[in-house]
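[1] What follows is a predicted structure for the sequence shown.
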Amino acid sequence: MWGCCSRLGRATFLLTAKRTGVSARGGRGKSLLAGSHGRGSILRPGSGAGRGPFRSPAHLKTEKPDGIVCRFCTAKDKVSYKELKELLQSKAILLVDVREKWEIEQYGKIPGSISIPLGEVVEALQMEPVHFKEIYNQDMPSKSDILVFSCMAGVRSIQALAAAKSLGFSRAQNYAGGFKEWAEYESSVGK
């Protein structure tokens, strides 16, 4: 989502969400949303807005543009196409597709993956194993199992990874290329 305009009284605000959707703080040249006395306010990098509800809180100045997610994810948390293919062949992982059901029906899925939409990930990873098996037809992963999240292009899967890490799934990983990259590689292999 690149943004939406909202007219409030005499002022028009352009709210821009980051591509990851986890943090409302954006990167280069984007408007930033920050809390100010319990309400949202717009921050514009480089605009000189340093007073009142438009000033940048001190903690925003020192964080990386990716915000919260950077604290959970490292390079070892990312899985390449080749690594994912090997892990799937060894059956040593649980691959979780966090796209919505309609996306999977429309575009397809990576063979061997199970569908748990992003909005259900936290609840699913805290279920009783019996309930998890009933709903997803798969054994509940333990906190030490290799768990890989995928989506269409790596945005939602990194959010799911951050959630899993915060719940103690120490070996959780992200397939950043997502179904889009998977489909590109698979179609080139068939040629």
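    Here it is on my side, so go on.
[2] Which residue ranges make up each domain of this structure?
    The record's domain parsing of the chain by automatic domain parsing lists 4-66, 72-189.
[3] mean pLDDT lowest for which of those domains?
    When the domains of the chain are compared by mean pLDDT, domain 4-66 comes last with a mean of 38.
[4] Residue 114: what secondary structure?
    At residue 114 the chain is in strand, as set by DSSP: H, G, I helix; E, B strand; the rest coil.
[5] from now on call the first residue 37
    Done: numbering now begins at 37, and the last item shifts to residue 150.
[6] List the beta-bridge partners for it.
    residue 132 (DSSP bridges).
[7] That one reaches residue 131, doesn't it?
    Yes: using CB atoms under 8 Å, residue 150 is in contact with residue 131, at 7.1 Å. The C-beta positions use only the backbone N, C-alpha and C, and glycine is treated the same way.
[8] Neighbour count for the two, which is higher?
    residue 131 (21 against 14; other CB atoms under 10 Å).
[9] residue contacts, the closest residue to the more buried one other than its chain neighbours?
    Leaving aside its chain neighbours, residue 131 sits nearest to residue 149 (4.1 Å; criterion: CB to CB, 6 or more residues apart in numbering). Applying CB atoms under 8 Å, 6 or more residues apart in numbering to residue 149 gives the contacts 131-133, 186.
[10] give me the number of residues near the nearest residue to residue 213 once chain neighbours are set aside?
    In space, and not counting its chain neighbours, residue 213 is closest to residue 117: 5.8 Å by CB to CB, 6+ apart. Residue 117 has 15 neighbouring residues, counting by other CB under 10 Å.
[11] I'd like the distance from residue 117 to residue 153, if you could.
    Taking CB to CB, to the nearest Å as the measure, residue 117 and residue 153 are separated by 23 Å.
[12] Kindly report the same for residue 199.
    12 Å.
[13] and what of residue 195?
    In terms of CB to CB, residue 195 sits 12 Å off from residue 153.
[14] now swap in residue 222 and tell me
    Residue 222 is 23 Å from residue 153, by CB to CB.
[15] Next, count neighbours for residue 141.
    11.
[16] quick one: residue 132 and residue 196 touch, right?
    Yes: at 6.9 Å, residue 132 and residue 196 qualify as touching, with contact defined as CB under 8 Å.
[17] Pull up the overlap in contacts between those two.
    157, 185.
[18] any idea where the strands of this structure begin and end?
    For the chain, the strands defined by DSSP state E cover 40-44, 47-51, 68-72, 75-79, 129-133, 149-151, 182-186, 208-210.
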